[in-house]
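Engineer: Let me see the structure of the following:
(one chain, ligands or ions: 1)
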Amino acid sequence: MASSLRRAAWRWGGAAAICASIGGAVWAASATPDEVWRYEVVGEHPHDSSSFTQGLYFEEGYLYEGTGRRGESALRQLEIETGAVVRQADLQPWLFGEGIAPWGDRIYQLTWISGAGVMYDKQSFEAVGQFRYDTEGWGLTHDGQSFIMSDGSAELSFRHPVSFRELHRLAVSDADGPVSDLNELEYVDGRIWANIWHRDELVAIDPETGLVVGRLDLSDLLASGRPLDPEGVLNGIAHDPSTGHLYVTGKLWSRIFEIRLIPPS
Ligand SMILES: [Ca+2]
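Structural biologist: I've put the predicted structure just below:
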């Protein structure tokens with residue numbers, strides 16, 4: 001489908017499923033056919049365009065978002081259809097919020113360079129403790145066994161789900177070498193999907209080998225309007241296990257896109 005048609009359909013805000021094309025992206029030269037995923041937009045939902053999205057996950061019908069920038073950082077529970085904030089906890093104004101992920105009755109939120117994150121009670125949104133780490137904090141997800149954390153490097157760290165102690169590190173690479181600036185994360189069906197800072201694509205990482213085994217070009221999602229702020233980049237992946245859909249958004253984006261992944265054929 002021509003990109004002009006896709007853009008028009010999104011402007012109309014319809015829920016129609018729209019096939020996305022691939023190709024023409026920066027990674028095309030290095031992606032092999034068995035790596036290239038496609039997608040279909042199945043929904044488009046409002047997103048607070050002042051939210052500097054740093055973490056996103058789905059749980060029991062709601063999206064949870066962690067936002068950044070000092071003085072603006074928060075943890076929020078969002079109603080998907082309206083974007084309404086159901087609950088919110090603000091970080092201390094000197095902290096820069098980063099990735100979030102749930103574990104048990106807790107929600108963990110990283111901060112960028114303070115070396116400590118905040119633990120919340122999932123029900124009350126009250127801060128109930130801190131956890132520490134010795135790297136920068138970028139993205140966070142879990143695989144049911146461990147937290148998986150990015151720190152801006154080309155490595156991911158696997159961490160104990162309660163103590164947050166580092167268990168091991170995973171070097172991430174593709175055919176061109178190390179893949180750095182790994183950012184927001186989402187563990188889905190045995191793969192770690194990752195945003196890469198300032199790139200309009202997601203990569204899928206094999207959690208055993210660290211190899212990039214899939215790529216998804218999302219540059220068309222911003223075709224109808226990229227935020228003026230140069231930091232308004234793609235950064236937010238949440239997986240709904242009941243539908244298999246991903247919710248994707250970015251820093252300062254006005255929309256959250258619900259997409260269905262189409263595996264390499
Ligand atoms: Ca996520």
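Engineer: who's in contact with the residue of the stretch 101-250 of the chain found nearest the ion?
Structural biologist: Taking Cβ to the ion, the ion has its nearest neighbour within the stretch 101-250 of the chain at Glu186, 4.0 Å off. C-beta coordinates here come from the backbone N, C-alpha and C atoms, glycine included. Contacts for Glu186 (Cβ atoms under 8 Å, 6 or more residues apart in numbering) come out as Leu56, Tyr57, Thr141, Ile192, Trp193, Ala194, Ile237, Ala238, His239, Leu246.
Engineer: Of these, which is the most crowded?
Structural biologist: Leu56 (33 neighbours; other Cβ atoms under 10 Å).
Engineer: pretty sure the residue of the stretch 101-250 of the chain closest to the ion is in a strand, no?
Structural biologist: Yes. Looking at Glu186 with DSSP: H, G, I helix; E, B strand; the rest coil, it is inside a strand.
Engineer: Beta-bridge partners for it, please?
Structural biologist: Beta-bridge pairing of Glu186, defined through DSSP bridges, involves Trp193.
Engineer: what does this protein put close to the ion?
Structural biologist: Applying Cβ under 5 Å from the ion, we find that the chain lies next to the ion at Leu56, Tyr57, Glu186, Ile237.
Engineer: Quick one, grab the pLDDT at the third one.
Structural biologist: To tie it back to what came earlier, the one meant is Glu186. Confidence at Glu186, expressed as pLDDT, is 98.
Engineer: for Asp220, same thing?
Structural biologist: Looking at Asp220, its pLDDT reads 93.
Engineer: Pretty sure it sits in a helix.
Structural biologist: Yes. Under three-state DSSP, Asp220 sits within a helix.
Engineer: What distance do you get for it to Glu40?
Structural biologist: With distances taken as Cβ to Cβ, to the nearest Å, Asp220 is found 12 Å from Glu40.
Engineer: which one of those two has more residues nearby?
Structural biologist: Asp220 (20 against 14).
Engineer: Roughly how far does the residue of the stretch 101-250 of the chain closest to the ion sit from Leu221?
Structural biologist: Counting by Cβ to Cβ - Glu186 and Leu221 are separated by 16 Å.
Engineer: Quick one: residues contacting Arg69.
Structural biologist: Taking Cβ under 8 Å, 6+ apart, one finds Phe52, Phe96, Gly97 in contact with Arg69.
Engineer: Name the SS class of it, please.
Structural biologist: Following three-state DSSP, Arg69 is assigned to coil.
Engineer: which phi and psi does it have?
Structural biologist: phi 80, psi 130 (degrees, to the nearest 10).
Engineer: So for it, what's the pLDDT?
Structural biologist: 96.
Engineer: At which residues are the helices of the stretch 51-200 of the chain located?
Structural biologist: With DSSP state H, counting those that start in this stretch as the definition, the stretch 51-200 of the chain shows no helices.
Engineer: For the contacts of Arg69, give me JSON lines that also has pLDDT and neighbour count.
Structural biologist: Below are these laid out as JSON lines (pLDDT from 0 to 100; neighbours: other Cβ atoms under 10 Å):
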{"residue": "Phe52", "pLDDT": "96", "neighbour count": "21"}
{"residue": "Phe96", "pLDDT": "98", "neighbour count": "20"}
{"residue": "Gly97", "pLDDT": "98", "neighbour count": "30"}
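Engineer: closest to the ion among those?
Structural biologist: Nearest to the ion among these is Gly97, at 13.6 Å by Cβ to the ion.
Engineer: What residues does the closest one make contact with?
Structural biologist: Per Cβ under 8 Å, 6+ apart, neighbours of Gly97: 54-55, 66-69, 73-75, 91, 109-112.
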